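Peer 1: Compute the structure for the input listed below.
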Amino acid sequence: MDGTLVDTECLWWDTAAEVAASLGHQLGDDDAPEVVGRAVRDTAAHLVGAVGAAGAGGADAWSAGTAASVEAVAAELTAAFFRRVDAGAPLRPGVGQLLASLRAADVPFALVSASPRAVVDSVVGGALAGAGFAFTLSADDTERTKPHPDPYLAAAGRLGVPPSACVAVEDSPDGTASARAAGCAVLVVPSLLPVEEGEGRYFTSSLEGVGPAELATCLTADFRP
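Peer 2: Numbering: from 1, shown residues only. Next up is the predicted model:
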């Protein structure tokens, strides 16, 4: 969802930077792997750890490293992100056409996100209203979220097909790793973080011009951007 279908990765980065600054930590490139494509609680735990390691003044309540402090930061990240999403989250190029073509071809498709259920429902009810997802999976719906394979294994199971018959569309290293670990082919549309090449990974700079036929070629190693 974030950064793949809806241009929210930048919104999420800005949110994390805002919350980090309130804790006395300046978000930088070294933080990116723990912020982009990660579950909210993972990012919160990283920020709490970063503040604690730096010994930032005025952030003692946040940097104690306790579960309570992580949950508090996660709650603030979610609330701040909601404020940005509510202000407007545009679709990424080609997304509207891709979803419409999948509906027209009667190809079932689902949303698999590392965002919490509240965020998924907000975005699906707003920017992605009427998309036609068979169902949505959030970070709250499996024991482990991305980069673990659990979300994509669960999605394939609900669709009633083996993961090897599914194509995941992803933008982040963690999302790509999750889908590949589950056994899905992956069409990667990079966003904020680069994704390494590898078996079963196909790359395109945009979803413009991508439809069911192009996705199907990812299952036969014939995809061409």
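
Peer 1: For the rest of this, base every contact and every neighbour count on C-alpha atoms.
Peer 2: Noted.

Peer 1: Give me the contact list for the helix of greatest length in the chain.
Peer 2: Across the chain, the helix with the greatest residue count (assigned by DSSP state H) is helix 67-86. Residues outside helix 67-86 that contact it (CA atoms under 8 Å, 6 or more residues apart in numbering): 8, 11-12, 15-16, 19, 40-41, 43-45, 48, 61-63, 119, 123.

Peer 1: go on, stretch 103-111?
Peer 2: Residues contacting stretch 103-111 (CA under 8 Å, 6+ apart): 1, 102, 132, 133, 134, 135, 136, 137, 155, 159, 212.

Peer 1: for residue 41, helix, strand, or coil?
Peer 2: helix (DSSP: H, G, I helix; E, B strand; the rest coil).

Peer 1: If we ignore the residues flanking it in sequence, what's nearest it?
Peer 2: residue 74 (5.4 Å; CA to CA, 6 or more residues apart in numbering).

Peer 1: Residue 212 now?
Peer 2: Nearest one to residue 212, counting by CA to CA, 6+ apart, is residue 102 at 6.1 Å.

Peer 1: packing partners for the helix or strand bottoming out on mean pLDDT in the chain?
Peer 2: The weakest-scoring helix or strand in the chain, judged by mean pLDDT, DSSP states H and E, is helix 40-54 (a mean of 83). Applying 3 or more CA pairs under 8 Å, 6 or more residues apart in numbering; DSSP states H and E, one finds that helix 40-54 makes contact with helix 9-23, helix 67-86.

Peer 1: where do the helices sit along this structure?
Peer 2: Under DSSP H, the chain gives helices at 9-23, 40-54, 67-86, 95-104, 117-125, 150-159, 173-182, 212-217.

Peer 1: Deepest in the core, which of these is it.
Peer 2: Mean neighbour count (mean count of other CA atoms under 10 Å) peaks for helix 173-182 among those, with a mean of 24.

Peer 1: Thanks a lot, catch you later.
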